[in-house]
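J.: Sharing a sequence plus its predicted fold:
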Amino acid sequence: MKLAVIYDSKSGNTKQAAEWIAQGMEANADVEAKAFSIDGVDEAFVNDAKGIVIGSPSYAAAMTPDLHDFLMNKSNNLNFTGKLGGAFATEQFTHGGGEMVIQNILTFELTKGMMCYSSGGAFGSPVIHMGPVGVNGNVEKHNGMEHYKDYFTIFGERFAKKALEIF
Ligand SMILES: Cc1cc2nc3c(=O)[nH]c(=O)nc-3n(C[C@H](O)[C@H](O)[C@H](O)COP(=O)(O)O)c2cc1C
């Protein structure tokens, strides 16, 4: 089964998170997962995929204007309907709006008829209510994306398990 991760990233944090999610997805046998920047989406792969996870940096607690533009205006060739959907975010402040970004993306996914999934509390720790958020170390020196690697890989693994169960 193919699973896709689509992200916007200007300085690499969200790209790193996307790659960790794809890595976690592939921990499941029979899953081929690929992460694509919005500038280089393999449309055939995404259209074959049963699940799509979309991620963005927090820009004023919302998805980036470029991701919004991609989803609204540049993804007409992509089929989202009926697929499993998930979302993730990165930010530079612990309270920098990451979960708002995720909600923003999940709302888009719902409008496209996707089935949204976060894993919630079903597997115990780590509980992931909306989707994984990574806080980089740009400003908060005690923070850093490396602290969040497990959240992204575990989310990817759970998301893929659910996709395999459904499809
Ligand atoms: C225009 C702009 C707005 C931003 N707004 C926020 C914000 O509201 N909250 C936050 O925590 N970080 C904010 N950031 C920081 C980024 O979300 C953060 O550094 C992110 O990890 C960058 O992702 P990237 O490396 O994938 O580009 C902003 C950055 C930019 C450039």
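T.: Happy to help now that I have it.
J.: How about the residue in the chain that the ligand sits nearest to, nearest residue that isn't a chain neighbour?
T.: Residue nearest to the ligand within the chain: Gly96 (1.9 Å; Cβ to the nearest ligand atom). Any C-beta I mention is one placed from the backbone N, CA and C, and that applies to glycine too. In this structure, Gly96 finds its nearest non-sequential neighbour in Ser58, 5.0 Å apart by Cβ to Cβ, 6 or more residues apart in numbering.
J.: contacting residues for the one you found?
T.: 89-92, 96-98, 100-101 (Cβ atoms under 8 Å, 6 or more residues apart in numbering).
J.: ok, now which ones touch Asp150?
T.: By Cβ under 8 Å, 6+ apart, the contact list for Asp150 reads Pro126.
J.: Look up phi and psi at it.
T.: Per-residue torsions, Asp150: phi -60, psi -40 (degrees, to the nearest 10).
J.: how close does it get to Pro132?
T.: 9 Å (Cβ to Cβ, to the nearest Å).
J.: Return the residues of the protein in contact with the ligand.
T.: Taking Cβ under 6 Å from any ligand atom, the part of the chain that reaches the ligand is made up of 9-15, 57-61, 90-93, 96-97, 136, 138.
J.: Can you say which of those are buried?
T.: 9, 13-15, 57-59, 61, 90-92, 96-97, 136 (16 or more other Cβ atoms under 10 Å).
J.: In which helix or strand does Asn138 reside?
T.: Of the helices and strands defined by DSSP states H and E, none includes Asn138.
J.: Quick check, it in contact with Gln92.
T.: Yes: here Asn138 lies in contact with Gln92, judged by Cβ atoms under 8 Å, at a distance of 4.4 Å.
J.: circling back to that earlier point, okay, the residue of the chain closest to the ligand and Asn136: tell me how far apart.
T.: In terms of Cβ to Cβ, Gly96 sits 10 Å off from Asn136.
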